[in-house]
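A.B. asks: below is the sequence, then the predicted model.
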Amino acid sequence: HSLRKVASANDFLIGASVSSIPFLKDEKYRQVLKDEFNLLTIENDMKFAKIHPQRDTYNFVIPDLIIDFALENDMKVRGHTLVWHATLPDWIKDRKYSKEELTLILKDHIQTVVRHYKGKIYAWDVVNEAYNDDGTLRENIWLQTIGPQYIELAFKWAHEADPNALLFYNDYSNEGINVKSNAIFELVRDLKERGVPIDGVGFQMHSSITYSKDYKKIKENFARYKEIGVEVQVTEMDVKIQHSNESYKKRLEQQADMYAKTLNVCLSSSNCNAFITWGILDKYSWIPGFTGNKDAPLLFDNEYKPKPSHESIYNEL
Ligand code: XIL
């Protein structure tokens, strides 16, 4: 029951994010990764502070290892992420730069990283989480110092560095129809209209069985991107099962249902061609560290046993 086998047979991309610690120390982790997925993304090691820790130092060692593994095993790679408000190194956070200086820093960062992986990374999350939930632009260092044009500049610079890579805007809580997703849609439409190189929008889909999803609205949202020639992907899905009074078994079923229904929206939208989960097995998921609660948000349990969510995805594919 390999997800990869069915997905590949249908020309569909099924992926997972890779965490470097288990990747490096756990043979079984690498085995499951290549058996079950035909795409990977790197959970942390390409973020600004990791890959560009000092102004004149880039650190490509771990991403290189993971990406070589992907290419040896015929997997596609998504790059995550070039411009974000979080995981910034101290040399960016703790200093005040002029607009001109920070613009040059960001351009150098984007182009050095994208050039290093030219031809190896097929799609980039160029800008991540630039919007607030109320549809306004997030007040981050890029907006404050460079201004709102930092977004389109980032896409242009990435495109110059690798004209063949697909370029994505990625965010959370933007899958339905709401003020945030409307603002993002307007941004993307405007960029497309003005010829800024953007190819797709990523929907993170960090989810929970305790909040309901309006699948019709998600489908509608995906469809409006199709109309303007933009592809969409589910880029970071996980489904929390904490905060529920149901039995553990029931919760795993609800989780399996949410994964399958979300995948179904993607499969039934002709501009959606990839579905990625944020991790492989529960043991290494970021969720317990993030929420402070035990959880089991992924497709495999702590012993790499496929969960009901794995089966429901397999059946849906
Ligand atoms: C998370 C990682 O999973 C954690 O290990 C890290 O401590 C923080 O970042 N949205 C994103 C991802 O775009 O980069 C985040 O990843 C999860 C939320």
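C.D. replies: Sure thing, it's come through.

A.B. asks: surely residue 126 meets residue 168?
C.D. replies: Yes - contact criterion C-beta atoms under 8 Å: residue 126 and residue 168 qualify, at 6.3 Å. The C-beta positions use only the backbone N, C-alpha and C, and glycine is treated the same way.

A.B. asks: name the residues contacting each of these two.
C.D. replies: Listed contacts common to residue 126 and residue 168 are residue 198; contacts here mean C-beta atoms under 8 Å, 6 or more residues apart in numbering.

A.B. asks: and the protein, which residues reach the ligand?
C.D. replies: With the criterion set to C-beta under 6 Å from any ligand atom, the chain comes near the ligand through 43-44, 128, 204, 236, 286.

A.B. asks: what are the ranges of the helices in this protein?
C.D. replies: 3-9, 20-25, 27-36, 48-51, 61-72, 90-93, 99-116, 141-146, 150-161, 179-193, 215-227, 248-267, 287-291, 308-316 (DSSP state H).

A.B. asks: thinking again about what came up before, neighbour count and pLDDT for the residues of the chain next to the ligand - can I get that in JSON lines?
C.D. replies: Compiled in JSON lines, the residues of the chain next to the ligand are given as follows (neighbours: other C-beta atoms under 10 Å; pLDDT from 0 to 100):
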{"residue": "43", "neighbour count": "21", "pLDDT": "98"}
{"residue": "44", "neighbour count": "18", "pLDDT": "98"}
{"residue": "128", "neighbour count": "23", "pLDDT": "98"}
{"residue": "204", "neighbour count": "21", "pLDDT": "98"}
{"residue": "236", "neighbour count": "26", "pLDDT": "99"}
{"residue": "286", "neighbour count": "18", "pLDDT": "98"}
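
A.B. asks: on that earlier part again, now the helices of the chain in JSON lines, with distance to residue 280 and mean pLDDT?
C.D. replies: Output for those, formatted as JSON lines (distance: least, C-beta to C-beta, whole Å; pLDDT from 0 to 100):
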{"stretch": "helix 3-9", "distance to residue 280": "11", "mean pLDDT": "98"}
{"stretch": "helix 20-25", "distance to residue 280": "8", "mean pLDDT": "98"}
{"stretch": "helix 27-36", "distance to residue 280": "6", "mean pLDDT": "98"}
{"stretch": "helix 48-51", "distance to residue 280": "20", "mean pLDDT": "98"}
{"stretch": "helix 61-72", "distance to residue 280": "13", "mean pLDDT": "98"}
{"stretch": "helix 90-93", "distance to residue 280": "31", "mean pLDDT": "97"}
{"stretch": "helix 99-116", "distance to residue 280": "25", "mean pLDDT": "98"}
{"stretch": "helix 141-146", "distance to residue 280": "31", "mean pLDDT": "98"}
{"stretch": "helix 150-161", "distance to residue 280": "28", "mean pLDDT": "98"}
{"stretch": "helix 179-193", "distance to residue 280": "28", "mean pLDDT": "98"}
{"stretch": "helix 215-227", "distance to residue 280": "24", "mean pLDDT": "98"}
{"stretch": "helix 248-267", "distance to residue 280": "14", "mean pLDDT": "98"}
{"stretch": "helix 287-291", "distance to residue 280": "13", "mean pLDDT": "97"}
{"stretch": "helix 308-316", "distance to residue 280": "10", "mean pLDDT": "98"}
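
A.B. asks: reformat the ones you listed as JSON lines; add distance to residue 122 and mean neighbour count.
C.D. replies: Shown next, in JSON lines, are the helices of the chain (distance: least, C-beta to C-beta, whole Å; neighbours: other C-beta atoms under 10 Å):
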{"stretch": "helix 3-9", "distance to residue 122": "15", "mean neighbour count": "18"}
{"stretch": "helix 20-25", "distance to residue 122": "20", "mean neighbour count": "15"}
{"stretch": "helix 27-36", "distance to residue 122": "17", "mean neighbour count": "16"}
{"stretch": "helix 48-51", "distance to residue 122": "18", "mean neighbour count": "20"}
{"stretch": "helix 61-72", "distance to residue 122": "10", "mean neighbour count": "17"}
{"stretch": "helix 90-93", "distance to residue 122": "28", "mean neighbour count": "14"}
{"stretch": "helix 99-116", "distance to residue 122": "12", "mean neighbour count": "17"}
{"stretch": "helix 141-146", "distance to residue 122": "25", "mean neighbour count": "18"}
{"stretch": "helix 150-161", "distance to residue 122": "13", "mean neighbour count": "21"}
{"stretch": "helix 179-193", "distance to residue 122": "20", "mean neighbour count": "17"}
{"stretch": "helix 215-227", "distance to residue 122": "19", "mean neighbour count": "17"}
{"stretch": "helix 248-267", "distance to residue 122": "18", "mean neighbour count": "19"}
{"stretch": "helix 287-291", "distance to residue 122": "27", "mean neighbour count": "14"}
{"stretch": "helix 308-316", "distance to residue 122": "22", "mean neighbour count": "20"}
